[in-house]
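In: Quick check, what structure comes out for this input:
(2 chains)
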Amino acid sequence: MMRHIISILIENESGALSRVAGLFSARGYNIESLTVAPTEDPSLSRMTLVTSGTEEIIEQITKQLNKLVDVVRLMDLTEGPHIEREMMLIKVRAVDGGRDELKRLADIFRGHIIDVTDTSYTIELTGTGEKLDGFIQALDKKAILEVVRSGVSGIARGEKSLRVG
Amino acid sequence: MELTGAEILVRALKDEGVEYVFGYPGGAVLHIYDALYKQEDVQHILVRHEQGAAHAADGYARSTGRPGVVLVTSGPGATNAVTGIATAYMDSIPLVVITGQVHTYAIGSDAFQEVDSVGITRPCVKHNFLVKDVRDLATTIKKAFFIATTGRPGPVVVDVPKDVTAHKTEYSYPKKVSIRSYKPVTEGHPGQIKKAVELLLSAKRPMIYSGGGVVLGEASKSLTEFTRLLGAPITNTLMGLGAYPATDPQFVGMLGMHGTYEANMAMHECDVLLAIGARFDDRVVGKVELFSPGSKKIHIDVDPSSISKSVRVDVPIVGQVEPVLKEIIRLIKESRQKPGKAALAEWWKQIDQWRARNCLRYDRNSKLIKPQYVIEQLYEQTKGDAFVTSDVGQHQMWAAQFYKFDKPRRWINSGGLGTMGFGLPAAMGVQLAHPKATVACVTGEASIMMCIQELSTCKQYGLPIKIVNLNNRYMGMVRQWQEFFYKGRYSHSYMEALPDFVKLAESFGHVGMRIEKPGDVQPAMKEALKLKDRLVFMDFITDQTENVYPMIEAGKGHHEMHLSLERELA
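Out: Predicted coordinates for the structure are as follows:
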C-alpha cells in the first residue's frame, strides 16, 4: 500500500466534487484527504487528493478519474519529485510561563501566532503532514483546544506543470 | 425568433434525428409535452411505467446503434427510470434521458415530486447535466448526444427544471460540440498493435474472446475477416453474441459461467488470448487466479479503465475496436507468415475433442416440454433471423446457448445488470425500429411479471411481439442455485398464484396460447409466427427441474465445469 498524491484539474461546475467523492465511495477506494479550490482560470478547479493502495488500485483510480467527463487533466505527483504542503491552524491554551515556551516552539517550527487572547494562542503552521504531526506531538496534549488542517496541496518540482493546453 | 425551452428541447431532438421518444408525462414536463403535441417530427411512445421507457429506448439503441431517447417527469418519474438507466450503463448503451425537474427556485426545498435526479443517477450514468439557464439548453442536448454515443457509449441524463422549459431564447442547434475534458481515443498505439500481431502469429494455441464492444463498435465484419484470416477459435461473451456468426465452424460458443465446454477449455488451455471489446467480467472469468493460466494476453478496448481491471494483460491496446482490427488485418496480410486453420491443426484437433463432449445435449425424449427445445424451435422457425430479447434467468442462458445468432444487434439482453423485466419493453423498442422484423421476447413467468403492464403499450402501438414464456412455475435460476448450494431449500422461489397468461394476454387485446406437450410446440409456434400483426403470448409449460448446463460455480476455474449433475469434469 503506497501513498499517492493525485492532482486533478476539473471543470469548476456544481456537482464536480461529488463526482470525485462518489467515485471513491462507490468503488471502495480510500481518500486520506481532498482539497479543492478554483484556479487562476475560474472555469477550473484544482484538487489534490491523497490516497493509498496497491499499484493496481492506483492505476484504476487514475483511469477512473480520467474517465469522469468533468476531469480535464490529472497527474500522480508521487511519480516524480514534488512538493506537498498542508496548513494547520491550532488553538492552544497559553497562560503564564507557558506563553513563552509556546512562542519558542512555534518559532522552531516556523509557525506564526496569528491570534492572541489572555489565555490562548492560535498558531498558523505550514509544512508537510509529518511536520504538522511533529508540532502536535511536541505540544502538551491537554493544552490543545482545537486543530484544523487543510489537507495536502501539492505541486510538481521544476518545469513540469499540470495545466490545460 | 425566440422559442421556449420546451420548444427548443423538441427542436433539438428533431435536429438530432430522433425518431422516437419513450416517455410518460407529469407535472414537471407538461410544457415539453405541449411542445411535442404541436409537431409531428418526433414521435412519442407512451409507456405504462418509466422503467419500460428506459428499457424500450435501450432496445431501440441496441438493435439500431442509434441513441435511445427517454422523457420522464421529476421525482418518481426519474426514480422509476433509474433501473433502466443502470441497465444501459452496465452494458454501455447510448441513451439520452431527459428528466423533468421542479422550478429552479424550488430546487432543494423538498418540493412536490422533487428528487435530486443528478445525484441519484450519478453512479449509473456516463454523465449528467442540470440545465439552469434556457440559453444552455440546446448546447447541453448536443453535448448529451455527443457523450452518449462516442468513446465507450452510455446513458446521459439531462435534468430540466420546469421554469427553464418556459423561458425563451433564440434557438440554434450547434453542428458540432467540443468538450475540452472529454476526448475519447480512436486509433490504437501502432507499436502495441505490432506487438499483438507478432504474438498472434507466433501462437500455437491462439484464442479470440470478443464481447459487446465489437457490437457497439460496429466491428463485426472486421472481426469475422480477422478471425478467418488467423484461423483461431473464437468465443463470444453473452453481450457479444452475433458479432461473429454462430454457425461458423470457428465459433466455439459462448464462454463463462454457462458457456460451452469447448469455449471454456480453449480459454483455459490457449497460449495467446486476444480479448476484443470485452471486460473480463466475473461471470466470464470465474476465479481470477485460475483464469487462462498459460496465456499471453492482449486486450483491445476503447475504455482504458477496462484494461487490467481484474486480469493483468501483457499487451494493452486502447482504441476503437474497428480501426484497431483493420490495422491488425493489414499487418497480418503483409506478414510473411501464413496463418490459418491448417497451421493450427493440432489445436483444432484438441478443440474438436472437447466439442465431441456435446455439452449442450439434453433429454429429447422427455414427456415434458424442455425449454431448450422451445428455443431450438424458435431458431428454426424464424430461420435464425429474428431479433430476440430476453429477460434474466435460465431462459436467458438457454436463449444464448441455443439460438445461433449470425448477425450483431439481434440478441438483446441485460448482461451486466441482469435486470428482470427488461425483455418485453426492450422488444417494443426493437419492434418500433424494425417494424417488419420478427421480434421475439424470450422470458419466464417471473421476469415477465416485472414489466407486464407494457402489454398495454404494445396494444396501443400495434407491436406484434412474439412472447416466448418458458413457464416452469419457479424463478428458475434461483431454484437452480438453491438446488445446488442450499440443499434444495426453495426459499421463496416458487411462483404461487400465477395468472392465467392466456386470459391475461387476451384481456390486453392480444392472442394467448398455452402449450403443454412437446408435440404441440412446433405447430403452436408456427401458428403464432403466422400472426404477423398480432402480439402472441406463448405460455410454454416446461419441465420444472431442468437446469442450465454447463455450469461453472462462482469462484471456480474454467476447467472446473459441471456438464450435468451426473457428469462432473476433472
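In: can we go C-alpha only for contacts and neighbour counts from here?
Out: OK.
In: now the helices for chain A?
Out: Listed in chain order, the helices of chain A (DSSP state H) span A:16-27, A:55-67, A:98-108, A:129-138.
In: Show me what counts as buried in the longest one.
Out: Within helix A:55-67, the residues that count as buried by 16 or more other CA atoms under 10 Å in any protein chain shown are A:58, A:59, A:60, A:61, A:62, A:63, A:64, A:65, A:66, A:67.
In: And the residues you listed, which two are furthest apart?
Out: When CA to CA is used, the two most widely separated members of these are A:58 and A:67, lying 14.1 Å apart.
In: And the helices of chain A: which comes nearest chain B?
Out: helix A:55-67 (5.1 Å; CA to the nearest CA).
In: Are that closest one and chain B in contact anywhere?
Out: Yes. Contact of helix A:55-67 with chain B (CA under 8 Å from any CA of the partner chain) involves A:56, A:60, A:63, A:64, A:67.
In: could you dump those to a markdown table with pLDDT and distance to residue B:536?
Out: Shown next, in a markdown table, are the residues of helix A:55-67 next to chain B (pLDDT from 0 to 100; distance: CA to CA, whole Å):
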| residue | pLDDT | distance to residue B:536 |
| --- | --- | --- |
| A:56 | 93 | 51 |
| A:60 | 96 | 48 |
| A:63 | 96 | 47 |
| A:64 | 97 | 45 |
| A:67 | 96 | 44 |
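In: Pick the most deeply packed of the helices of chain A.
Out: Compared across these, helix A:55-67 shows the largest average neighbour count, a mean of 18 (mean count of other CA atoms under 10 Å in any protein chain shown).
In: which stretches of the stretch 101-250 of chain B form helices?
Out: Ranges of helices in the stretch 101-250 of chain B, per DSSP state H, counting those that start in this stretch, are B:117-121, B:137-149, B:162-166, B:190-202, B:212-216, B:220-230.
In: Counting by contacts, list what the first one packs against.
Out: In this structure, helix B:117-121 makes packing contacts with helix B:76-90, strand B:127-130, strand B:155-161, judged by 3 or more CA pairs under 8 Å, 6 or more residues apart in numbering or on different chains; DSSP states H and E.
In: Any chance you could list what contacts it?
Out: Contact with helix B:117-121 is made by B:74-75, B:78-79, B:82, B:85, B:99, B:101, B:128-130, B:157, B:159, as judged by CA atoms under 8 Å, 6 or more residues apart in numbering or on different chains.
In: so who does the closest residue to chain A within the stretch 101-250 of chain B touch?
Out: In the stretch 101-250 of chain B, the residue that lies nearest chain A is residue B:181 (4.0 Å; CA to the nearest CA). Shown in contact with residue B:181 (CA under 8 Å, 6+ apart): A:10, A:11, A:69, A:70, A:71, A:72, A:73.
In: Can you flag which of the residues you listed belong to strands?
Out: A:10, A:11, A:71, A:72, A:73 (DSSP state E).
In: name the element residue B:396 belongs to?
Out: Taking DSSP states H and E as the definition, residue B:396 sits inside helix B:394-402.
In: C-terminal to that helix, what's the next element?
Out: Counting by DSSP H and E, what follows helix B:394-402 is strand B:411-412.
In: Starting from that next one, tell me which strands it pairs with and how they run.
Out: Strand B:411-412 has its sheet partners listed here by DSSP bridges as strand B:387-390 (parallel).
In: Run through who's touching the partner strand.
Out: Residues outside strand B:387-390 that contact it (CA under 8 Å, 6+ apart): B:396, B:399, B:409-414, B:422-424, B:426-427, B:430, B:437-443.
In: helices and strands of chain B: which one bottoms out on pLDDT?
Out: Across the helices and strands of chain B, mean confidence by mean pLDDT, DSSP states H and E is lowest for helix B:282-285: a mean of 91.
In: buried residues in that helix?
Out: B:283, B:284, B:285.
In: closest to chain A among those residues?
Out: Using CA to the nearest CA, residue B:285 comes nearest to chain A of those, at 17.9 Å.
In: ok, the closest one touching residue B:259?
Out: No. Residue B:285 lies out of contact with residue B:259 (CA atoms under 8 Å); the separation is 11.0 Å.
In: re the thing from before, what two of the residues of helix A:55-67 next to chain B have the greatest distance between them?
Out: By the measure CA to CA, the residues of helix A:55-67 next to chain B have their two most distant members at A:56 and A:67, which lie 16.4 Å apart.
In: Okay, now the unreliable bits of chain B?
Out: B:565-570 (pLDDT under 70).
In: near chain A, which residues of it show up?
Out: Residues of chain B lying near chain A by CA under 8 Å from any CA: B:122, B:123, B:126, B:127, B:180, B:181, B:182, B:304, B:305, B:308, B:309.
In: Quick one: residues contacting the closest residue to chain B within chain A.
Out: For chain A, the residue closest to chain B is residue A:72, as judged by CA to the nearest CA, at 4.0 Å. Listed by CA under 8 Å, 6+ apart, the contact set of residue A:72 reads A:8, A:9, A:10, A:11, A:66, A:164, B:180, B:181, B:182.
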